[in-house]
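>>> sharing a model that was predicted from the sequence below.
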Amino acid sequence: MKNQVLTAENAIQILNSRKKVTEVGKNYVLKVTSVTRYFQPEDGDPRHIVNLNGMTSYHIGEAKKALKEGDFDASTNFNISASRRPGIDYTPQKGQLVNVVMEEYENKEGIKALGVASITALDTAVSSNIDFSNFLEEEEETAAPAKEEKAIV
């Protein structure tokens with residue numbers, strides 16, 4: 001076992017914060033845990049790597065193996081990530097919630113796996129401020145008894 005930064009309890013707490021992603025074509029809301037900017041693969045164009053707080057069944061199995069082996073740091077490295085092309089693909093910021101759609105593909109070993117088909121920003125709504133500044137004055141007006149007017153006969 002190598003030097004550990006995380007304890008088993010810390011690793012499990014991190015893993016428990018992740019969302020299980022299992023279905024192709026479904027829209028999942030996931031949080032961006034980190035973004036590595038301008039990663040340069042040897043045989044391609046620069047990329048951003050976006051890590052998300054989701055795990056597929058494969059990731060869950062690999063994290064369990066690492067936990068059993070006592071490698072708590074490694075257990076938390078299994079999560080969904082996506083490669084984004086700078087200036088072409090939408091690249092979110094760390095901490096942002098995003099919509100993620102998964103697709104099935106065949107990996108280098110010929111095994112079917114789930115991967116990110118798309119990442120898009122969540123639709124946002126503009127909220128308005130709540131104004132309580134006149135609340136007490138309104139309460140006083142409704143609480144004061146109405147003056148009775150007498151009819152002149």
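Everything's here; your move.

>>> what about the residue sitting nearest the centre point of the chain, distance to D73?
Central residue of the chain (Cα atoms, centre = their mean): K31, 1.1 Å from the mean position. Noted for K31: a distance of 20 Å to D73, by Cβ to Cβ, to the nearest Å. Heads up, the C-betas are built off the backbone N, CA and C, glycines and all.

>>> so who does the residue nearest to the centre of the chain touch?
Contacts here follow Cβ atoms under 8 Å, 6 or more residues apart in numbering; on that basis K31 touches L52, N53, G95, Q96, L97, V98.

>>> residue ranges with poor pLDDT in this protein?
Within the chain, the ranges that satisfy pLDDT under 70 run 1-4, 138-153.

>>> the lengthiest strand in the chain: what's the following helix or strand?
Longest strand in the chain, counting residues (DSSP state E): strand 27-39. Following strand 27-39 in sequence order, the next helix or strand is strand 47-52 (DSSP states H and E).

>>> which elements pack onto that following strand?
strand 27-39, strand 81-84 (3 or more Cβ pairs under 8 Å, 6 or more residues apart in numbering; DSSP states H and E).

>>> where exactly do the helices run in the chain?
8-16, 57-68, 72-75, 135-143 (DSSP state H).

>>> do you know how far V116 is from A66?
Counting by Cβ to Cβ, the gap from V116 to A66 is 22 Å.

>>> ditto for Q93
The gap separating Q93 from A66 is 28 Å, by Cβ to Cβ.

>>> state the number of residues packed around the residue lying closest to E103 once chain neighbours are set aside.
Closest residue to E103 apart from its sequence neighbours, by Cβ to Cβ, 6 or more residues apart in numbering: A117 at 3.8 Å. Here the number of neighbours of A117 (other Cβ atoms under 10 Å) works out to 14.

>>> again, but for the one 3 residues further on
Using other Cβ under 10 Å as the criterion, T120 is surrounded by 12 other residues.

>>> name the nearest residue to it, ignoring sequence neighbours.
N99 (4.7 Å).

>>> contacting residues for the one you found?
With contact taken as Cβ under 8 Å, 6+ apart, N99 is in contact with N27, Y28, V29, S118, I119, T120, A121, L122.

>>> hmm, Y28 is touching M102, no?
Yes. Proximity of Y28 to M102 meets the contact threshold set by Cβ atoms under 8 Å, at 7.1 Å.
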